[in-house]
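Enquirer: 3D, please:
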Amino acid sequence: MLKICTNYRFLLILSQILNPVQIPCLRRCYRFSQPLITNKRCPVISLKSWRSHQSEKIHRSRFYCTPSANQAAQKSDQRTKIEQNSSFIVIVETVVRIHYGTGKPLTNPGGTHSVILGLSSAQEEINLIVIRVDQIKLLGKKYQSSSNLPKGRKINYVNEFHFCLSYLHVLLRNPLLVLRSKLNILHFHGPWYLESKIQNPKARVRNSLKFILELTLLHSFPQIICVSQAFADLLTTRFRINSRKIAVISAGVDTNRFMPSSEPQKVGEVERALQIGTVRRLVPRMGLEILISSMLEIEDAYLTIVGIGPLEEQLKQLILELGLSERVTLSGYIRDVNLPDYYKSIDLCVIPSIALEGFCVTALEAMACGIPVIATNLDGLKESVGKCDSRLLFEANSIPALVAQINLARKNFVGDSLRFRNYSLGYSWTSIALTLEELIHSQTKQKIKVN
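Expert: This next block holds a predicted model:
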């Protein structure tokens, strides 16, 4: 068998088949007039590089498992000389990242879609090929993606799922797309089961089935990325996920698109009535009823809520019952390109969430525009808003605490745009994309060239 393995062509084909599997106990050493490989690990040589060197004289050698100390020293010295004198250029494979959405078009509003678009754009900036896939359904049309999905075994790609159910759909419709990937990653943006339980607590059977399905899918991922330590703790306690499979990488913001107004105000001085705003899905866990009710006790202020959801009619009825039709407005859906202009039109952003807030991209977007943000003291918001200033947090599900916090922010934070702008600069998507690539590199043990 060893005589057969000394055939260079056989080793070349074998390295292609075993890619990226590496056998640490079995080491190879080739001797070339101009060597191709200088490391100990099983090499991955493309056919193109072999053809360019097929006219050169190739010397065969043998396998060895545990060389002696003298042999190892000689090999090390020889390898050092080779690295200094070699002019061979390593050809790096094309690196592809495939992002799978939540099953809805990426043009729809939502924090998850903002993360997908922001992260994928940053990956493109560091010379990675990105494919965005949305509207993944088990039945009907197969995919809607920004470009053709990869085919073939030699393509180096990583699947990044942003919803666990999308993984099931892709696995059933196109299992090879999952099996041939270098790594399957889940970006955990929130527990599907718990959100359904809060929104519809009476559907016990349906919620139980969702819990079993989500639990099974979460355990099938080799790597899970959470936007906050709060969600990482939730996975380990509620879903019993091994902490070694979990990594915490925060969300980011496009600081080039979300920028402060050219005419900043002075701290504590507002020339007009206080303009309060928030961008939220109209669902129970967002605590929008608390925010609307608090407007009864806040003088000289107006509230604008941007977002759509199942509670829209209920919130409109609440506004009419409280007599706040002139001071509270439900603006509905605003396109993503118009969000920077909306943030610049308000003086204060409020995040009144009462449950399951992992990080809140809205808070970072408002801060990037120089707008102060106050938020409830949930664990995820402590990591995003609380790190800027602990005085920005208030007790959740409490109208008096929210009213006191708005009055405090009006005096001490409104107009301090430079402070919040500088804080948001630490969450650029480019740095987050590089952190993610380091994680993928450590998991796949591949050499990825990033400019």
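Enquirer: drop to CA atoms for contacts and neighbour counts, all remaining ones
Expert: Noted.
Enquirer: how does the protein divide into domains?
Expert: 2-85, 95-252+430-444, 274-427 (automatic domain parsing).
Enquirer: go through those domains and find the least confident stretch.
Expert: Mean pLDDT values for these show the minimum at domain 2-85, a mean of 36.
Enquirer: let me know the helix or strand that Ile98 is in.
Expert: Taking DSSP states H and E as the definition, one finds Ile98 inside strand 95-100.
Enquirer: after that strand, which helix or strand is next?
Expert: Per DSSP H and E, the first helix or strand lying C-terminal to strand 95-100 is helix 111-125.
Enquirer: how far away from the center of its chain is that following helix?
Expert: Computed by C-alpha atoms, centre = their mean, to the nearest Å, the chain-centroid distance of helix 111-125 equals 7 Å.
Enquirer: need the contact partners of it.
Expert: Here helix 111-125 makes contact (C-alpha atoms under 8 Å, 6 or more residues apart in numbering) with 99, 101, 106-107, 129-130, 132, 162, 189, 251-254, 360-362, 429-430, 432-433.
Enquirer: what subset of those residues is buried?
Expert: Those of the contacts of helix 111-125 that meet the buried threshold are 99, 101, 106, 129-130, 132, 162, 189, 251-254, 360-362, 429-430, 432-433, by 16 or more other C-alpha atoms under 10 Å.
Enquirer: now, which of the contacts of helix 111-125 lie within strands?
Expert: Under the assignment DSSP state E, these contribute 99, 129-130, 132 to strands.
Enquirer: any chance of TSV for those residues, columns distance to Thr444?
Expert: As requested, the ones in strands among the contacts of helix 111-125 are arranged in TSV below (distance: C-alpha to C-alpha, whole Å):
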residue	distance to Thr444
His99	18
Ile129	17
Val130	18
Arg132	21
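Enquirer: before we move on, the earlier item: next, the angle from the strand holding Ile98 to helix 111-125.
Expert: For strand 95-100 against helix 111-125, the angle by axes from the mean of the first three to the mean of the last three C-alpha atoms, to 10 degrees is 170 degrees.
Enquirer: contacts for strand 95-100?
Expert: Strand 95-100 is contacted by residues 116, 120, 128-134, 136, 155-163, 166, 448 when judged by C-alpha under 8 Å, 6+ apart.
Enquirer: tell me which residues of that strand come out buried.
Expert: Quick answer for strand 95-100 (16+ other C-alpha under 10 Å): 96-100.
Enquirer: now that strand, how far from the centre of its chain.
Expert: 12 Å.
Enquirer: each with direction, which strands does that strand pair with?
Expert: strand 129-134 (parallel), strand 156-161 (parallel) (DSSP bridges).
Enquirer: thinking again about what came up before, got the buried residues of strand 95-100 as JSON lines, with distance to Phe258 columns?
Expert: Output for these, formatted as JSON lines (distance: C-alpha to C-alpha, whole Å):
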{"residue": "Val96", "distance to Phe258": "28"}
{"residue": "Arg97", "distance to Phe258": "25"}
{"residue": "Ile98", "distance to Phe258": "26"}
{"residue": "His99", "distance to Phe258": "23"}
{"residue": "Tyr100", "distance to Phe258": "25"}
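Enquirer: out of the residues you listed, who's nearest Gln443?
Expert: Nearest to Gln443, judged by C-alpha to C-alpha, of the buried residues of strand 95-100 is Arg97 at 14.7 Å.
Enquirer: any idea whether Gly358 is helix, strand or coil?
Expert: Using DSSP: H, G, I helix; E, B strand; the rest coil, the structure places Gly358 in coil.
Enquirer: now do the phi/psi pair for it.
Expert: The phi/psi pair for Gly358 (degrees, to the nearest 10) reads phi -80, psi -50.
Enquirer: that one contacts Lys382, doesn't it?
Expert: No - contact criterion C-alpha atoms under 8 Å: Gly358 and Lys382 do not qualify, at 9.6 Å.
Enquirer: just want to know which of these two has more residues nearby.
Expert: Between Gly358 and Lys382, Gly358 has the larger neighbour count (other C-alpha atoms under 10 Å), namely 26 against 22.
Enquirer: please report how far the closest residue to the more buried one other than its chain neighbours lies from Glu289.
Expert: Nearest residue to Gly358, sequence neighbours excluded (C-alpha to C-alpha, 6 or more residues apart in numbering): Gly380, at 4.4 Å. Noted for Gly380: a distance of 21 Å to Glu289, by C-alpha to C-alpha, to the nearest Å.
Enquirer: again, but for Ala273
Expert: From Ala273 to Glu289 the distance is 22 Å (C-alpha to C-alpha).
Enquirer: of the two, which one has the most company?
Expert: Each of Ala273 and Glu289 has its neighbours counted (other C-alpha under 10 Å); Glu289 has more, 19 against 11.
Enquirer: need the three-state assignment for the nearest residue to the more buried one once chain neighbours are set aside.
Expert: Among residues not flanking Glu289 along the chain, Leu315 sits closest, at 7.1 Å (C-alpha to C-alpha, 6+ apart). When classified by three-state DSSP, Leu315 comes out as helix.
Enquirer: tell me how many other residues surround Leu315.
Expert: Residues near Leu315, counting by other C-alpha under 10 Å, number 16.
Enquirer: how close does it sit to Leu213?
Expert: 32 Å.
Enquirer: likewise Pro340?
Expert: 38 Å.
Enquirer: now do the helices in the stretch 151-300 of the chain.
Expert: In the stretch 151-300 of the chain, helices defined by DSSP state H, counting those that start in this stretch lie at 164-173, 175-179, 192-199, 204-219, 229-237, 288-294, listed in chain order.
Enquirer: drop anything exposed from the contacts of strand 95-100.
Expert: 116, 120, 128-134, 136, 156-163, 166.
Enquirer: does Gly190 touch Phe359 like I think?
Expert: No - using C-alpha under 8 Å, Gly190 is not in contact with Phe359, being 9.9 Å away.
Enquirer: these two: which is more packed in?
Expert: For Gly190 versus Phe359, the count of surrounding residues by other C-alpha under 10 Å is larger for Phe359: 28 against 20.
Enquirer: quick check: closest non-adjacent residue to the more buried one.
Expert: In space, and not counting its chain neighbours, Phe359 is closest to Gly380: 4.9 Å by C-alpha to C-alpha, 6+ apart.
Enquirer: the one you found contacts Cys226, correct?
Expert: No - using C-alpha under 8 Å, Gly380 makes no contact with Cys226, being 10.7 Å away.
Enquirer: related to what we said a few turns ago, most packed of the domains of the chain?
Expert: The highest average neighbour count among the domains of the chain, using mean count of other C-alpha atoms under 10 Å, belongs to domain 274-427 at a mean of 19.
Enquirer: measure that domain end to end?
Expert: End residues of domain 274-427 are separated by 28 Å (C-alpha to C-alpha).
Enquirer: ok, back up a step: could the domains of the chain be laid out in TSV, adding distance to Met259?
Expert: Converted to TSV, the domains of the chain look like this (distance: least, C-alpha to C-alpha, whole Å):
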stretch	distance to Met259
domain 2-85	43
domain 95-252+430-444	14
domain 274-427	4
